[in-house]
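# Fold the following.
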Amino acid sequence: MKKLLLLTILSAFIISCENKATDLVIGSTLGNDGESSEIVVGDTSNQQVWVDYIDAHNKRDLEKIAEINTDNWVGYPPNGNVIRGNEAHIEFLDEWFKSSANPQWTVKWMIANKGADAEGNMQEFLTTGNDITFIDEEGNEVVENHVHDIMFENGKIRTIFVYSKPAPTSEIEEE
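Now for the predicted structure:
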């Protein structure tokens, strides 16, 4: 009887230790055809890539930025333009950095996520909240809140979507 009880307890323990882990679903996408696919927790190591990338921007280290970008890098800034290619991105940044704008970024938060594309391939993303401070054309310091949605490919940045709004300057309270 003791052997049967021990065998039962041991079996229950082994079964409970079996790895039945599945990706934690944190959202979903909706395609044009109405089909949805799951968004799940992504690779948090991409967060360090982003922190290093922002640090390189703040230090004007164009070589490091180019190293983190894929060759087929694509950027979608909030002004509606599209920047295609690593070289085009570096040229754009070089001109901007040489201007008097002096942009500086501060990372506020990051969320690692991944999901399947239309062909079923998993794509890694990092969604981040960042503040950017720069000098406008009139010489005024401006702060904007940015959300960056970054797609990674083999540990490098392939695509960035940037969404922007002015940082709050005052608060109105209900009386």
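# quick one: contacts for the residue nearest the centre of the chain?
The chain has Leu126 as the residue nearest its centroid, 2.3 Å off, counting by Cα atoms, centre = their mean. If a contact means Cβ atoms under 8 Å, 6 or more residues apart in numbering, then Leu126 has 42, 46-47, 49-50, 110-113, 148-150, 152 as its contacts. C-beta: built from backbone N, CA, C; applies to glycine.
# Just the ones in strands from these, please.
Met110, Ile111, Ala112, Asn113, His148, Asp149, Ile150, Phe152 (DSSP state E).
# What is the neighbour count of the second one?
Residues within reach of Ile111, counting by other Cβ atoms under 10 Å, total 16.
# who's in contact with the residue lying closest to it once chain neighbours are set aside?
Computed as Cβ to Cβ, 6 or more residues apart in numbering, the closest residue to Ile111 that is not its neighbour in sequence is Thr127, at 4.7 Å. Thr127 makes contacts with Met110, Ile111, Asn113, Val147, His148, Asp149, Ile150, as judged by Cβ under 8 Å, 6+ apart.
# Going by distance to Ile132, which of those residues wins?
Of all the contacts of Thr127, His148 has the smallest distance to Ile132: 10.2 Å, by Cβ to Cβ.
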